[in-house]
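A.B. asks: the sequence isn't on hand, but the structure is:
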């Protein structure tokens, strides 16, 4: 049976990725362009899931003035497009990776959402999202979206589709968590911000994850960077660690993990198998300039290199 997934990207971006030996502040830096991609967290998730053979619908907001490359990307990748076009331009994010694998981001501003635009999206999207097996809401909120309105929309969405995966940061993360989504994927810093305290030890991270579970969130997956990923749910806690990988770009690494989690859960895989696969997909993503999974053999090889332990 075909599983239908929708990804929501309220604030997409063109991702310009470059490589340079070292960034010298105040000087002219020569940068080798690695790629320019139509992106945004939910769109990155959709790309990986489409590569895995999942039926994907994408939605959110998109600027009218520079939408052409996005429209081509959706058509080329066989994604059903239900984006809402708004006045203005979709933003550009620049990520520069130095030879020591340090990355520096420059995220520019884009369109602003009017109250009318939000009300239209909110009411219309809730009329069709309930038909999907899973909805993935990813990324930041564009200017103009009220946090309380976003919480109300997430709460209504949760009632329509129980399987909501949520991945965001800062104020948007806090607002979305109030709706108790089914699965959330903060990184360690985001979890610390939510908890209001440092989480230096793994036991501290697990304790904070259980605090989220106490609020009705079934699955909590925490990205730990090179340390891997931790998954906490009613069945237990697992830590997955990838091997060392040469970093070309970290754009989409977390989104690739979300896609792997969604794919495993859609197919009824165990938590341990799903986490191993999601961590492998994420590890593969940092060694390439573009988001996506084009070689299933490489995925199998990377999965065998993942260290997994029950905590």
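C.D. replies: Structure's in. What do you need? Computed from a prediction, not measured in an experiment: that's the story for all the values here.
A.B. asks: ok, how many other residues are close to the nearest residue to residue 32 once chain neighbours are set aside?
C.D. replies: Nearest residue to residue 32, sequence neighbours excluded (C-beta to C-beta, 6 or more residues apart in numbering): residue 19, at 4.7 Å. For the C-beta atoms, the positions are set from N, CA and C on the backbone; glycine is no exception. Using other C-beta atoms under 10 Å, residue 19 has 17 neighbouring residues.
A.B. asks: my read is that residue 19 contacts residue 30, right?
C.D. replies: No - at 10.3 Å, residue 19 and residue 30 do not qualify as touching, with contact defined as C-beta atoms under 8 Å.
A.B. asks: picking that back up, mind checking pLDDT for the residue nearest to residue 32?
C.D. replies: Residue 19 carries a pLDDT value of 82.
A.B. asks: mind listing what it touches?
C.D. replies: Counting by C-beta atoms under 8 Å, 6 or more residues apart in numbering, residue 19 touches 31-32, 34, 96-97, 248.
A.B. asks: let me have these in TSV, extended by distance to residue 123, neighbour count and secondary structure.
C.D. replies: As requested, the contacts of residue 19 are arranged in TSV below (distance: C-beta to C-beta, whole Å; neighbours: other C-beta atoms under 10 Å; DSSP: H, G, I helix; E, B strand; the rest coil):
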residue	distance to residue 123	neighbour count	secondary structure
31	44	15	coil
32	46	9	strand
34	40	20	strand
96	40	19	strand
97	41	23	strand
248	42	18	coil
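A.B. asks: now for residue 19 and residue 30: what residues contact both?
C.D. replies: Between them, residue 19 and residue 30 share no contacting residue under C-beta under 8 Å, 6+ apart.
A.B. asks: how many neighbours does residue 124 have?
C.D. replies: Residue 124: 13 neighbours (other C-beta under 10 Å).
A.B. asks: quick check: which element contains it?
C.D. replies: Assigned by DSSP states H and E, residue 124 falls within helix 115-128.
A.B. asks: tell me the average confidence for that helix?
C.D. replies: 95.
A.B. asks: good, wrapping up.
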